[in-house]
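Enquirer: sequence unknown, structure follows:
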């Protein structure tokens, strides 16, 4: 039941906030806080720890509406909640935006909890539609173009996703991941369906050459919209949750192509980020570069790289959210988050990139060399951004107290992940590997599957 | 806990200063800034006394703090990377050099930075630098080393670009960071290779495993060693990644003294000495180290002769002296290289702090065309430079530089990896050193002042306080006597010793080098100002930087986007085509309807 609450709270709060604009900020704050509380409650004291072969810590099922919580979704839920809190702080002055924020958050949470692919699709759409209207209503001057481009790309992605889901259903008769992992499809069918999912998630990730919706959106969307809807890598989550576990053979067949795309994207994003004049577009192309690195890690068929992907998904969302807040307003924090993004050891992003590159190097040394070059190119565009913003005529810091507090929180979390990443990895990796029939496990004799992941902290 | 205290003091001080610094008064900031570093020095003293009092038995001490990164591999056996420190004779010497020199320089900075608005940020960065350098030196595994390695790169970046009113400072800082990072990527590849071969990153374990498993001259040993060498030349500003160091001089002068002369740039030397076992397995990499060192020491020596800026002369001199250390490393003379590292830290810090006094008094003017004839006005500066340059030139018997440089050259001559030719290059370098030192000395103290008048031609900005005089005095004494410390013998406890041919003729070599250095001094006294100082970076600009910027700005509009515009055009033209059908004329609609019915019917009939 707590899982349903998690989705319902922001959705209802969003509706409420649009009706009662004067109290919208308070509603938003309370609902995000209760999302945190319910997430923690569900993880540590969740009610239905079901049977042995089930790895969900908490589950809720009513026909197709099947929700589940495990280590991976727990970590990403906390990240999304945090980023949403930042977005809420940023839209303090415009209470009308809280409605969009809360509905987006509701869709995002639902997506992270879905065990059933149909539910996943519904929340996928629920997350994207509010962003479209949000950009349309509150964006900057070229918002219509940006919003239109965004909705066309993401709807194509949604369409492909829906088609693949329908195809999958027509072959298997179920959309529940728990059952799907035990079934196997004809080889070619699996490849087609896997390619459909892959295309859908590539657009959302985004990967080269499907990224063009992102720079214009980043330029013209309101910053909270960017934070809430786009920084948490739902595309990467889709790969982790569905493509890799459900279609192990196909993902191995797709891997060389994906790693190639990733390698191009890493360089391409870094190269274009270097010459952008608008700081937000620098961040957009930097996101492309990092997302491509994540893509390489996802398809490297290696647990070390996957653990890096998970760390990178979390830390990239946090660090870029921080940089968006501090951009042009605070030298120290801009520098801190730029350093995190360019992979400075001691901060969280480095741990992710390091694990990813280590894993990648074992499988595809050349891809790892290209990926590692992003450490130099990333330094080039990030430091150029710092020069552009803060050198010449130094500006005074203009952040108010609440954003400073928020930035400090993210900074502490990034430092914590950078120096003590073990709790985060222990949270995600054991549950993820024990239960997913991913290609990595094929060579290992089947051991008895533990009932639950260790919730070590 | 004892070892962790050493880097902990400056790091904690740095966080306090960065967060609360703007609220503190200047005195508190200065006190905290010096206190963080000085207490690290005191902690070092205690730790070393405690550990090394046992005499020659003591080899090494390891301290594990916490599990840093767990490496989940496919078989679920988790290799863990510990946050752990390791102390042996090599790191002990580095600890002493780093904490002692940086304490003195922090003290010096109290006066030097007294009027700067962001003094708390300055001390925060400086403390962070010391902490990171200590982590680098104490690292027990390659990742901790990499943490410190990148950390010092960060602080170097922050301090070169400390004054944000000039865009050029930001560019110089960025250049330094990116150039050294290119080297760091190679270091990272070296770490990858080590891990994929041995499954561990612990430095001592890796060295043992490499010694046991890699045959001498094997390809993998050579590639790994060359990767480490790539990292080392980036940090230590050796050819071909040397260009950043001269530009780094845009930072405050105490920073140049600490980071870009005495400590950080020696990290590459430390790294190679640390993984010397791997280099000894690869004669190719070993000789690469030697020839890079030899080339750099000549190149930078000539560069130093061609500069018109006090700090840039010293920067090129630093590169050149680092070249000597690389020459020694390449010949296998690790302890001699570390010995020279220590003496060089003393006399180069002295010279840079002397330059700092000049900058402090002359409103940050370092151009040799604008300052000069300082002999009578500032006897302090005169003596500082006399001792510092004397030690740099290795004046025989009375200076520290003499002992370390002679040790390097004689070991290079005698070692099986070195020989006559590297020795001759080193000796020629001594001639160059004498020449640029003497030229600098003449231009600073004996050249008539550009304004023509003798004596008080310069307006003085401030008073040389005791905080400046004390570090200068201590460093001056050290620049003379540091050569008598048994550093080389002490370090050789934990590094490999060179393979020497025979003990003979070293005194002849010493005389030859000394004669060359004196000839250099004679040559240098005739040195003049140059019309325009030579820029050696243009080559790199043309080869890498400019093409990258050009490609990047050429592609700024994102060339993928027009592809999607094609779809838009396609959709638009399709829409026009379809719009033709909906033209509102009833006749068309009826015709179309009839045609359609006929078509359907004909299908039905025919099939």
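Expert: Now that the structure is in, tell me what you want to look at. Bear in mind the structure is a predicted one, so any value in this text is a computation, not a measurement.
Enquirer: ok, residue 136 - how many residues close by?
Expert: Reading this off chain A. The local packing of residue A:136 (other C-beta atoms under 10 Å in any protein chain shown) involves 16 other residues. For the C-beta atoms, the positions are set from N, CA and C on the backbone; glycine is no exception.
Enquirer: the chain in question should be chain B.
Expert: That count, for residue B:136 with other C-beta under 10 Å as the rule, works out to 28.
Enquirer: quick one: mean pLDDT for the helix or strand harbouring it?
Expert: Secondary structure from DSSP states H and E places residue B:136 in helix B:119-138. Helix B:119-138 carries an average pLDDT of 91.
Enquirer: quick check, distance from it to the centre of its chain.
Expert: How far helix B:119-138 lies from its chain's middle: 14 Å, per C-alpha atoms, centre = their mean, to the nearest Å.
Enquirer: do stretch B:376-387 as well
Expert: What separates the centre of stretch B:376-387 from the centre of its chain is 29 Å, taken as C-alpha atoms, centre = their mean.
Enquirer: in that stretch, what's buried?
Expert: For stretch B:376-387, a neighbour-count test (16 or more other C-beta atoms under 10 Å in any protein chain shown) marks B:377, B:378, B:380, B:381, B:382, B:384, B:385, B:387 as buried.
Enquirer: in helices, which of the residues you listed appear?
Expert: B:380, B:381, B:382, B:384, B:385, B:387 (DSSP state H).
Enquirer: leaving out chain neighbours, which residue sits closest to residue B:292?
Expert: Nearest non-adjacent residue to residue B:292, counting by C-beta to C-beta, 6 or more residues apart in numbering or on different chains: residue B:238, 5.2 Å away.
Enquirer: and if you look at residue A:418?
Expert: residue A:347 (4.1 Å).
Enquirer: so what's that neighbour up against?
Expert: A:315, A:319, A:339, A:340, A:414, A:415, A:417, A:418 (C-beta atoms under 8 Å, 6 or more residues apart in numbering or on different chains).
Enquirer: just the ones of those in helices?
Expert: A:315, A:319, A:339, A:340, A:414, A:415, A:417, A:418.
Enquirer: closest to chain B out of those residues?
Expert: residue A:339 (6.4 Å; C-beta to the nearest C-beta).
Enquirer: re earlier: which members of the contacts of residue A:347 define the maximum pairwise distance?
Expert: A:339 and A:417 (14.0 Å; C-beta to C-beta).
Enquirer: is residue A:161 in contact with residue A:123, as I believe?
Expert: No - proximity of residue A:161 to residue A:123 does not meet the contact threshold set by C-beta atoms under 8 Å, at 11.6 Å.
Enquirer: out of the two, which sits in the more crowded spot?
Expert: residue A:161 (25 against 22).
Enquirer: for the more buried one, pull up the helix or strand it's in.
Expert: Residue A:161 belongs to helix A:143-172, assigned by DSSP H and E.
Enquirer: quick one: low-confidence ranges for the stretch 351-500 of chain B?
Expert: Scanning the stretch 351-500 of chain B for pLDDT under 70 picks out B:448-462, B:495-500.
Enquirer: quick check: the residue of it nearest chain A.
Expert: residue B:364 (17.6 Å).
Enquirer: that's a strand at that residue, yeah?
Expert: No - with DSSP: H, G, I helix; E, B strand; the rest coil as the criterion, residue B:364 is coil rather than part of a strand.
Enquirer: give me the distance between it and residue A:109.
Expert: From residue B:364 across to residue A:109, the span is 56 Å (C-beta to C-beta, to the nearest Å).
Enquirer: okay, the two: which has more neighbours?
Expert: The residue with more neighbours, out of residue B:364 and residue A:109, is residue A:109; 30 against 13, by other C-beta under 10 Å.
Enquirer: distance from the helix or strand harbouring the more buried one to the middle of the chain?
Expert: Element membership for residue A:109 (DSSP H and E) is helix A:97-113. Taking C-alpha atoms, centre = their mean, one finds the center of helix A:97-113 at 13 Å from the center of the full chain.
Enquirer: next one: stretch B:548-562
Expert: The answer for stretch B:548-562 is 33 Å, by C-alpha atoms, centre = their mean.
Enquirer: what do you get for stretch A:286-296?
Expert: The chain centroid and the centroid of stretch A:286-296 are separated by 12 Å under C-alpha atoms, centre = their mean.
Enquirer: any idea how many residues pack against residue 243?
Expert: Going with chain A. For residue A:243, using other C-beta under 10 Å, the count is 24.
Enquirer: chain B was what I was after
Expert: 20.
Enquirer: do the same with residue A:178
Expert: Neighbours around residue A:178, by other C-beta under 10 Å: 18.
Enquirer: which is the next helix or strand following the one helix or strand it maps to?
Expert: Assigned by DSSP H and E, residue A:178 belongs to helix A:177-180. For helix A:177-180, the following helix or strand on the C-terminal side (DSSP H and E) is helix A:187-204.
Enquirer: is that next one positioned near chain B?
Expert: No - figure legend: helix A:187-204 not in contact with chain B (C-beta under 8 Å from any C-beta of the partner chain); closest approach 11.9 Å.
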